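S.K.: Build the 3D model from these lines:
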Amino acid sequence: MRKIKNFKINIRPKEISRILKKFSDIKELSIEVEEAVQRACYFYGHTIKPAVVYDTFSKENLNFGSFPEIEQKWIALSPFVLTIGNGLKEEFDKNIDIFGQWTTKIVSAISADTLEQSKNFIQKLIAQEAKDEQCELSRALEITENLDVIQNLLPLEKINVSVNEQNKFNPSYTVAGIYYWIPVRKRKK
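M.R.: Numbering: from 1, shown residues only. This next block holds a predicted model:
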């Protein structure tokens, strides 16, 4: 099991604006909204506390739970749980309209981007481990059901994450997934 806390995540105002446009299905944001995005990125920046826990299990040692299957032959899998903590939600709940009518969408965009950056970070780490074993990774498969399987595999308490009665993560800005390790085919000469 590996745990990493407080790794560096940059809140990227341009990316937040792009996500906001996508969420809102508009082509351009007004200057006021762009400024609100800038202020929100600065304001919420200190609340993002990324953490991840992950491990790798060989196919032979899998005698627990079930994971989605993939078509390729795989030899191991790496489940992970990552979170950006509860600080963003708590700060948002205290100041729900601080950036006007756009606050909710801005916070959603910030959480989406920081979770995506966190997934990219963990993917790079696991990919390097897989490469050392002459494997490549499948794309990440997000796990949204049967979170108890993940909870039994990984010590979620080490990153202050739990699963509630509704089978949802607490904090809510938390995702789980798996990467499959696929052996690299050797090229014929």
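S.K.: Please count neighbours and contacts with C-alpha atoms only from this point.
M.R.: OK.
S.K.: any low-confidence regions in the chain?
M.R.: Scanning the chain for pLDDT under 70 picks out the ranges 62-68, 187-189.
S.K.: show me where it has helices.
M.R.: Taking DSSP state H, the helices of the chain run over residues 13-24, 31-44, 87-94, 103-132, 147-153.
S.K.: Need the residue closest to the centroid of the protein.
M.R.: Nearest to the geometric centre of the chain sits residue 115, at 3.9 Å (CA atoms, centre = their mean).
S.K.: contacting residues for it?
M.R.: 82, 83, 84, 173, 174, 175 (CA atoms under 8 Å, 6 or more residues apart in numbering).
S.K.: quick one on the thing from earlier: of the helices of the chain, which is nearest residue 58?
M.R.: Of all these, helix 103-132 sits nearest to residue 58, with 11.7 Å by CA to CA.
S.K.: and residue 100, how many neighbours?
M.R.: Using other CA atoms under 10 Å, residue 100 has 10 other residues around it.
S.K.: roughly how far apart are it and residue 123?
M.R.: 36 Å (CA to CA, to the nearest Å).
S.K.: Does residue 111 touch residue 173 like I think?
M.R.: Yes: using CA atoms under 8 Å, residue 111 is in contact with residue 173, at 6.9 Å.
S.K.: residues shared between the contacts of the two?
M.R.: Common contacts of residue 111 and residue 173 (CA under 8 Å, 6+ apart): residue 84.
S.K.: returning to that earlier point: output the helices of the chain as TSV; include the columns distance to residue 169.
M.R.: As requested, the helices of the chain are arranged in TSV below (distance: least, CA to CA, whole Å):
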stretch	distance to residue 169
helix 13-24	23
helix 31-44	21
helix 87-94	13
helix 103-132	14
helix 147-153	8
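S.K.: Please name whichever of these is nearest to residue 140.
M.R.: Comparison of the helices of the chain against residue 140 by CA to CA identifies helix 103-132 as nearest, at 8.0 Å.
S.K.: orientation of that closest one relative to helix 87-94 in degrees?
M.R.: Here the directions of helix 103-132 and helix 87-94 differ by 180 degrees (axes from the mean of the first three to the mean of the last three CA atoms, to 10 degrees).
S.K.: can you pull the buried residues of helix 103-132?
M.R.: The neighbour-count check on helix 103-132 (16 or more other CA atoms under 10 Å) flags 103-111, 113-115, 117-119, 121-123, 126-127, 129-130 as buried.
S.K.: what does stretch 5-19 give?
M.R.: 9, 11, 12, 13, 16, 17, 18, 19.
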